[in-house]
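A.B. asks: Okay, structure incoming, though there's no sequence with it:
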């Protein structure tokens, strides 16, 4: 019956309850949707980093990542990639030959990273081909095709079929280079990536560099599922101990950090919201206790012990918090679902985000675990908010409380 | 058999610089089945005396024995439990729980006692029928008149099967007709079921119904008449 009393007491002063419920619901909605928004943003960044840039796992010569010496390459990288792609749970593997160079157009020049890839294999490990916004993915140009990012194309003032000159140091350290013709222009969510990377065919690059076409500095490995990364990474580390095997988290720690920091920021944000709400809840419950001084005095007089009085106020406060919390969470889920398909266009403010690799359209994502966490946090808030009003109630002296004129 | 024995009861308040001797050496024995009115002018110590009888206040000096228990020796937590099982309260302003129906108000105290649902249901309906509210068991206090609410309060006081019922000015807020009805019910319960009632009152209608009238003045008993 204590639950029944508490429940009915919540609705006793409807206006007051609705005001605090609205505040709680709005606060929780803000927190939940804010989380869904940033979670969506971060997931898109992570997915984009994996599917467009890094793949799940990369294999390099030992020490290459710390000091990218072009002379240090895997001589039979193509064969190694083929061997790795046979491993269970590995969807595809592709080798890349990478050099640092310069790209020149009639207007200007720019420092770049040149990726020599096997177009078909590369298309199996990254979705670069799907990011082509003009021209085609290594098609339409027979000799020395190059794929460049939109940002770089804009900078060089070139378009599809434009001729560019790419120069770099060859195997012997001499300047080598050739003219390439733009086959396609890609645009990813990461403008920095688009501005600093170009893709050519491996054989075109290795010819100029002066090495065998099977050589490579990097093998990108794509798995069937993201949740297998740790397991397969470990397996490859053991099997190819002479190489440097790293998963995407190790290669892009700044992207990986998004995963862990997002949860922490979400909890901090939610705690701040709940801290602000807790004062409102305490105030509401204090008013409720004050209004019911006589009733509480009666209850204690007839034999309701302190534990039960405490529990009654605790249950009432938790119910009040949970009702508001659940309404807020439901609102958050509904708005997340409504925007999850269409996305939220933040292109007005997306320029800066693009430089950090974020899309201009964000698709909010809400995880079940986070909803559960919010419910628990609201529950705890309700319990904490109940303590002070309940203590006030317990300090009442029944004989005095019963005689107070309300 | 005595339900209550009070010996040399005193209560002094030291709240301010002035000491107030609200009760000064009261000795009283109340037997089972008595219908007693405690009367006296305002400030004579009626309420303080009743509070001490009900275990809501501690005496400064003296003993209160209810049944076999020395009430003043109980710890606060024991006192709450003692009140729950031994004393029925009827307050001047009814003091029902507004969010509960008449039946739930009566049931509530039995739930605090830990009685099972079937027994609670039956006893609540029986008691409300006995006080003439069998047809209003599902009404909330706001839908009942003052007299009806006070009858629910009497039913609630009896629900715990107390050793006695303490009623603090139970008719003060009632009109004549409601007062008459309430007193008839309490008198009937007293006669037929031998329930002990102790009232504090100014109301002559209550005094006239009482079979024993204890008059207080300045914290002392100045007369104790049995009719």
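C.D. replies: That came through fine. Remember, it's a predicted structure, so these values are computed and weren't measured experimentally.

A.B. asks: Once you drop chain neighbours, what's closest to residue 145?
C.D. replies: You didn't pick a chain, so chain A it is. Nearest residue to residue A:145, sequence neighbours excluded (Cβ to Cβ, 6 or more residues apart in numbering or on different chains): residue A:183, at 3.7 Å. Any C-beta I mention is one placed from the backbone N, CA and C, and that applies to glycine too.

A.B. asks: not what I meant, chain B
C.D. replies: Excluding the flanking residues, the one nearest residue B:145 by Cβ to Cβ, 6+ apart is residue B:178, at 6.8 Å.

A.B. asks: okay, now that neighbour: neighbour count?
C.D. replies: For residue B:178, the count of nearby residues is 18 (other Cβ atoms under 10 Å in any protein chain shown).

A.B. asks: so it touches residue B:146, yeah?
C.D. replies: Yes - the criterion here is Cβ atoms under 8 Å, and residue B:178 meets it with residue B:146 at 6.2 Å.

A.B. asks: To what extent is residue B:88 buried, counted in neighbours?
C.D. replies: Using other Cβ under 10 Å, the number of residues around residue B:88 comes to 26.

A.B. asks: so what's it up against?
C.D. replies: The contact partners of residue B:88, taken as Cβ atoms under 8 Å, 6 or more residues apart in numbering or on different chains, are B:156-160, B:162, B:164-166.

A.B. asks: Restricted to strands, list these.
C.D. replies: Within these, residues falling in strands by DSSP state E are B:164-166.

A.B. asks: Strands of the chain, residue ranges please.
C.D. replies: By default, I'm working from chain A. With DSSP E, the ranges of strands along chain A come out as A:57-61, A:90-104, A:109-117, A:132-135, A:145-149, A:163-169, A:175-186, A:197-201, A:218-223, A:243-247, A:344-345, A:361-362.

A.B. asks: wrong chain, I was asking about chain B
C.D. replies: Under DSSP E, chain B gives strands at B:2-13, B:20-31, B:35-39, B:61-66, B:69-70, B:87-90, B:164-168, B:196-201, B:212-217, B:220-226.

A.B. asks: count of neighbours near residue 191?
C.D. replies: Answering for chain A, as no chain was given. The number of residues packed near residue A:191 is 22, by other Cβ under 10 Å.

A.B. asks: I was after chain B.
C.D. replies: Close neighbours of residue B:191, defined as other Cβ under 10 Å, add up to 12.

A.B. asks: now the one 10 residues further on
C.D. replies: Residue B:201 is surrounded by 23 other residues when neighbours are defined as other Cβ under 10 Å.

A.B. asks: and if you look at residue B:175?
C.D. replies: Look at residue B:175: counted by other Cβ under 10 Å, it has 11 neighbours.

A.B. asks: for it, what are its contacts?
C.D. replies: By Cβ under 8 Å, 6+ apart, the residues touching residue B:175 are B:146-147.

A.B. asks: re the thing from before, by neighbour count, which of the ones in strands among the contacts of residue B:88 wins?
C.D. replies: Neighbour counts for these peak at residue B:166, which has 27 neighbours (criterion: other Cβ under 10 Å).

A.B. asks: Is that one in contact with residue B:201, as I believe?
C.D. replies: No - applying Cβ under 8 Å as the test, residue B:166 and residue B:201 come out as separate, 11.8 Å apart.

A.B. asks: Please report how far the closest residue to residue B:205 other than its chain neighbours lies from chain A.
C.D. replies: Spatial nearest neighbour of residue B:205, excluding adjacent residues (Cβ to Cβ, 6+ apart): residue B:179 at 5.6 Å. Applying Cβ to the nearest Cβ, to the nearest Å, the value for residue B:179 to chain A is 21 Å.

A.B. asks: which bits of chain B sit near chain A?
C.D. replies: Contacts of chain B with chain A, taken as Cβ under 8 Å from any Cβ of the partner chain, map to B:47, B:51, B:54, B:56-57, B:77, B:80-81, B:83-85, B:89, B:91, B:93, B:95, B:97-100, B:104, B:107-109, B:111-113, B:156, B:160.

A.B. asks: related to what we said a few turns ago, list the residues that are in contact with both of residue B:178 and residue B:146.
C.D. replies: When contacts are counted by Cβ under 8 Å, 6+ apart, residue B:178 and residue B:146 have no shared neighbour.

A.B. asks: Helices along chain B, start to end?
C.D. replies: Remark: helices assigned in chain B by DSSP state H are B:46-53, B:76-86, B:102-113, B:117-130, B:146-159, B:176-193, B:204-209.

A.B. asks: closest to residue B:34 out of those?
C.D. replies: Closest of these to residue B:34 is helix B:176-193, at 8.3 Å (criterion: Cβ to Cβ).
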